Every structure is written in structure tokens, then in C-alpha cells.
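Visitor: Predicted model and sequence follow; I will ask about them next.
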Amino acid sequence: MHAPRDLTRWWLAISIVGLAAGGVLSLSFDQERAAEIVWAATTVVGVVPIAREVVRGLLRREPGVDLIALIAMVAALALGEYLAGAVIALMLATGQALEAYADRRAHEELSDLLARAPRVVTRYEHDGLVTRPIDEVRPGDRLLVKTGEVVPVDGVLIGHGVLDESALTGESRPVDRPHNDLIRSGALNAGPAFDLRATATAEGSTYAGIVRLVQAAQEEKAPAVRLADRYAAIFIPITLVIALGAWIVTGDPIRFLTVVMVATPCPLILAVPIAIVAGISRSAKRGIIVKGGGALETLARGSVLMFDKTGTLTSGVPTVADVESFGTADPTECNTGLMANGNPVPYRRDGILTGGNIQKHNM
């Protein structure tokens, strides 16, 4: 079920409108023939994209349960049960739209990850500073990383630096880096500008590796998806045997259609991919990199979680644990004097201080 992503919403809209229009013609205007024509057209619109994908799967020797849905729609057209065909078309279109939506969300969050990556660098050339595309950086180049900029490539620090590495480690407290310390791309310069001696290209740096990891995770099939495909290869012939048996025993071809309609397992195939993509997408949005759906499935079976990290786990964003006031000041109103990295920290009485360069102002 992999119709072109830009057509899924149109397919869903046509299916909804076709099914509803046929219902109005049949129930309100007693136009059964016109209703059947509309439902037949809706079914045909659903057959075209699914037939293309089924043929591709068969050519790759990878039959899927979409074949059952295709057989059901073709049988509905052949037997004149156009309403049944339109219902299957709507079901498939809805599943496609949901899968496409989850896929778009994942790609949007991947785009956010990519948008954070710097596109240009400030490089020393001939005793001056020149702005160059990041792809032109080579090991040994001397770069200037300004305040508030993301470190573009892995390199050795020249001088002293203060870095916000929360995007890489989750630790919200800025880290002081000494001269000649090796720093990784993706960290944010939270202090004065500093010079950096590049030790890798942009493609070979840490942040580019994280982006590639997310891309690979979103493209990888989870074990449960492969399991569903494997069962589909068994499910299809069993369904067809039962459907043909019902037809032969009763002598009524409608029984064949009934069996294949009931057996159309759209949720079986859609549930796992949507859940996996949504899980990877939500994790990426929260700064958690998941290497494939298999890791999520393994995590679901776990009962003990161990973290290889020094100190406490943090959310990457500091919050206020408490406010102490002096004199007659009301601590519940003193919510503008606390600063984290130069920015006001929202006051929250029940919050937990997760870290950060907090400066307490007298009140």
C-alpha cells in the first residue's frame, strides 16, 4: 500500500465524496442506478493505484495482503456490488492517508533536524575572514565560530570555549572547553566567539552522522513489518481457498466476495508501520535518536532500562526548582529575575532543576 504520497489525500477525498454522493442519490432521491454508477466509479478510482502496487510486488515476488483488497474490489465490480467496492476503496484510502500523514510528520521533524545544521562557515583565508559553504571545509582549515552559532564540523578548539551540548548529550548545563580540546559538530556556542581547527569535513562530522542515523532509522523496516509480510504470503492462499470453497458449496458467487471483503486486513499492514514511524518521529522531536523500528520493539519487551551516562539524566532544558526571596518580596511574583544562558527561565514552583547556567538575581 504505497500509492504516491501526493495523491493519497485526493484518493481519500474522492472515496469519501463518491461513497457519500451515492448514498444521497440512493436514500434521498431513490436513484439507485445513478448511485451504483457513482459507487462503481469510486471503486475504479481505488483499483487503479492499488493494482499498480500489487503488480510491482508480484514482479518482486513479494505478494502482500493488498492482493486480497484488489481481488475484493474487482469481484465487487464483476458482481455488481458497487457499494461494497466503494467501501473497500474508502478503507484503503483512509489507511494510505494515515500512513502518508505519519510519513510526512517524520520527514518534517527530520527537516527540523537538517535545518539546525549550519550551511555556511566563517573561514580564515589570507589573513581575513571569508564566508564559505560548509561543504568546502577541509581538515586543517581554521574557522571562526561566533556566539550562538552551531559548531559546523568536528575540530580542535583554539582558545577557550563555552558550549551548549544539549543537542548531543541532553545535558543542559553549558560545558567549559579548554584550549586544544576536541569538540563535536552540533554543539552550540554559548559563550564568546572562538576559533576552531577542523579535523573532519561536514560529511564526516558527528552531526551529519546523527542525521544519517535518523534517515536510516526511518527507512528501515521493523521486524514486525517483515513478520506481517511473511504471514501475508500464507494468509492470501488460505483466504482464496476459503472464499472459493464458500462459492462452490453455496453456488453463490456473492459468498466469495463476502469472504474476501471480511479478510481484507488493511489494519494488519498499516498498524505496525504507522506506530513505528510515529515512535521514531516523536523520539527525534525530543532529541532521542532511535536506530530503526527493531530497537523500539525490543524496548517494548524490556523491563529494566540502564543508562550509560555520568551524572543525572536531563531533559536538556533547565527549569526552576525553587525561588528564595528576601525582605518583603513575594516569591510567587518573582518570575523575571532568573536567567539561564542569558534567557529568562519560566517560573514553576513544582519544577525540577535539571541544570543550566542559572543566575539568581536578588529580589
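Guide: Yep, that arrived.
Visitor: show me where pLDDT drops low in the stretch 51-200 of the chain?
Guide: 99, 102-114, 170 (pLDDT under 70).
Visitor: That one: strands as residue ranges?
Guide: 120-125, 128-133, 142-145, 155-158, 161-164, 175-177, 182-183, 188-189, 194-198 (DSSP state E, counting those that start in this stretch).
Visitor: Grab the CA positions of the second one and hand them over as CSV.
Guide: Think strand 128-133. Extracted as CSV, the C-alpha positions of strand 128-133 are listed here (Å, rounded to 0.1, in the frame of the first residue of the first chain):
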residue,chain,number,x,y,z
GLY,A,128,41.0,37.6,6.6
LEU,A,129,37.6,36.1,7.3
VAL,A,130,35.5,34.7,4.4
THR,A,131,32.1,33.1,4.4
ARG,A,132,32.1,29.8,2.6
PRO,A,133,29.7,26.9,2.0
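Visitor: Direction included, what does that strand pair against?
Guide: Strand 128-133 sits in its sheet next to strand 120-125 (antiparallel), going by DSSP bridges.
Visitor: What residues of the partner strand count as buried?
Guide: Val121, Thr122, Arg123 (16 or more other C-beta atoms under 10 Å). All C-beta atoms are positioned from the backbone trio N, CA, C, and that covers glycine.
Visitor: ok, back up a step: now the strands of the stretch 51-200 of the chain in CSV, with distance to Ala208?
Guide: Shown next, in CSV, are the strands of the stretch 51-200 of the chain (distance: least, C-beta to C-beta, whole Å):
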stretch, distance to Ala208
strand 120-125, 14
strand 128-133, 14
strand 142-145, 16
strand 155-158, 14
strand 161-164, 18
strand 175-177, 21
strand 182-183, 15
strand 188-189, 16
strand 194-198, 13
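Visitor: Can you report how many residues neighbour Gln152?
Guide: Slight slip there: residue 152 is Pro, not Gln. The tally of other residues near Pro152 (other C-beta atoms under 10 Å) stands at 24.
Visitor: Wait, it touches Ser185, no?
Guide: Yes. With contact defined as C-beta atoms under 8 Å, Pro152 reaches Ser185; the gap is 6.0 Å.
Visitor: How many neighbouring residues does Asp135 have?
Guide: Count around Asp135 with other C-beta under 10 Å applied: 12.
Visitor: if I read this right, it contacts Ala202, doesn't it?
Guide: Yes. With contact defined as C-beta under 8 Å, Asp135 and Ala202 form a contacting pair (6.0 Å).
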